[in-house]
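# dropping the sequence and predicted coords here.
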Amino acid sequence: MNKKFSKLSIFILMFCIALTGVITNPVTAKATETIDLYTSSETGTLYAESGYSHLFEFDAPGTYRVKLCVVLKNKVSFTVGYKPHGNLDGYAIQSISASDSEWQEFSNEMNIVFIDLGALPEDTYSVYVMFDDETDFWIYVSATAGIVEPAPIIPIVKEKSVTITAGFSDILDASEDGVKWLSSNTSIVSVNSQGKIIGKKAGKAVVTATMKNGNQVIYNVTVKNNKYTEKKADVDDVAHGSVAIQVYNASYDKSGNLVLKTRIVNNTSYTIVNLKNVKLTVKDKNGKVVGTCKVTNKKVLVSEYSNANYSFKIKKADVKKKNVDLRLAKIAYTGTYEYYLY
């Protein structure tokens, strides 16, 4: 055996113990467990395709992180194999090439490589090292059981959809205190520290609620204009032989009047020429009257099996509630019609 190599043995042992302690990542054991350390080392000379084998045992419950430190005078390729001692199956193999980047130069004459065998449960193991060329070697085996680093917490992200009306507000429920709120576009929707959102103008924005534990609730907020809307009815939507009057749009004009746009749908064989005693009543979402439009006679012309659109107006002075979410309003109609039969 090379004497210079022998003189460095103790120092290299200390170096490897220190370095192994740095790179070892304990993977098991509870916080109250004692950290157990297993070490073994051996030096010698091996010829090409001759092997060094060793038996090591972990007798404490748990899983161990096992590493080999191999020190060679000259870099040579070698193979590491390991398995539970009583296992009849083949060895788990790792190969190290002389040209691998894992090698570290300790001095001009000494080269070190670390091999991580991974996490192994309590057992007795056989390990061998087979060199491709003759070499002086020093091998250090370490096994460490210690405190597990907690697994990273993956935040839980939930998505919800919310629709509000421009000029009105709503409270988003995050179910806990200390939530951080953020709007992706404050010109469309703003949010305060209590989760109260206010619709600024029509559009879409995302409001994010972040909990103390990192979990998030993402609210996809749609802001709509303050108007009542329904899909316009057609003749096929009305029973044969019937006439229907539908309010399909209601909104405030610039003067504050409440304008109601209606569609008269005529699914009869005669022409509608007049509406009598029309009464249109607008109520808020709570059923309170916002305003009423009353018309004794209104001339119209709706041919057989067709429809036509007409507007009614509730003057600002007759609007009982000036700031109402019309998008959630309810509108009722009563009245009769006159027809002309050709």
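Looks like it arrived, so ask away. Residues are numbered from 1 along each chain as shown.
# for this protein, just list every one of the helices.
For the chain, the helices defined by DSSP state H occupy 3-7, 9-23.
# so where is the protein shaky, pLDDT-wise?
1-65, 85-91, 106-109, 143-154, 174-175, 342 (pLDDT under 70).
# what residue lies at the spatial centre of it?
When C-alpha atoms, centre = their mean is applied to the chain, the residue found nearest the centroid is V157 (4.1 Å).
# show me what that one bridges to in the sheet.
Q216 (DSSP bridges).
# check contacts around it.
Shown in contact with V157 (C-beta atoms under 8 Å, 6 or more residues apart in numbering): 215-218. Every C-beta, even on glycine, is put in place using the N, C-alpha and C of the backbone.
# check the gap between it and Q216 for me.
Remark: distance between V157 and Q216 (C-beta to C-beta, to the nearest Å) = 5 Å.
# the closest residue in space to I272 that isn't next to it in sequence - how many residues pack around it?
Leaving aside its chain neighbours, I272 sits nearest to V302 (4.1 Å; criterion: C-beta to C-beta, 6 or more residues apart in numbering). Close neighbours of V302, defined as other C-beta atoms under 10 Å, add up to 24.
# V302 touches N266, doesn't it?
Yes. If you go by C-beta atoms under 8 Å, V302 and N266 touch, sitting 4.4 Å apart.
# any shared contact partners between these two?
With C-beta under 8 Å, 6+ apart as the test, V302 and N266 both reach 243, 272, 308.
# for the first one, give its distance to S183.
When distances are taken as C-beta to C-beta, V243 and S183 turn out to be 47 Å apart.
# please apply the same query to V238.
44 Å.
# show the buried residues in the contacts of V157.
Buried members of those, scored by 16 or more other C-beta atoms under 10 Å, are 215-218.
# and which of those is nearest to K288?
Distance to K288 across the buried ones among the contacts of V157 (C-beta to C-beta) is lowest for V217, with 32.5 Å.
# surely that closest one touches K160?
Yes. The criterion here is C-beta under 8 Å, and V217 meets it with K160 at 6.4 Å.
# which parts of the stretch 201-342 of the chain are strands?
Here the stretch 201-342 of the chain has its strands, by DSSP state E, counting those that start in this stretch, at 203-210, 216-224, 228-229, 242-252, 258-267, 271-283, 289-302, 306-314, 330-340.
# which of those sits closest to K321?
Using C-beta to C-beta, these put strand 289-302 closest to K321, at 4.8 Å.
# which helices and strands does that closest one pack with?
Helices and strands touching strand 289-302, by 3 or more C-beta pairs under 8 Å, 6 or more residues apart in numbering; DSSP states H and E, are strand 258-267, strand 271-283, strand 306-314.
# which of those strands is buried the deepest?
strand 258-267 (a mean of 21; mean count of other C-beta atoms under 10 Å).
# that strand versus strand 242-252: what angle between them?
With axes from the mean of the first three to the mean of the last three C-alpha atoms, to 10 degrees defining the directions, strand 258-267 sits at 160 degrees from strand 242-252.
# what lines up beside strand 258-267 in the sheet?
Each strand that pairs with strand 258-267, with its direction, by DSSP bridges: strand 242-252 (antiparallel), strand 306-314 (antiparallel).
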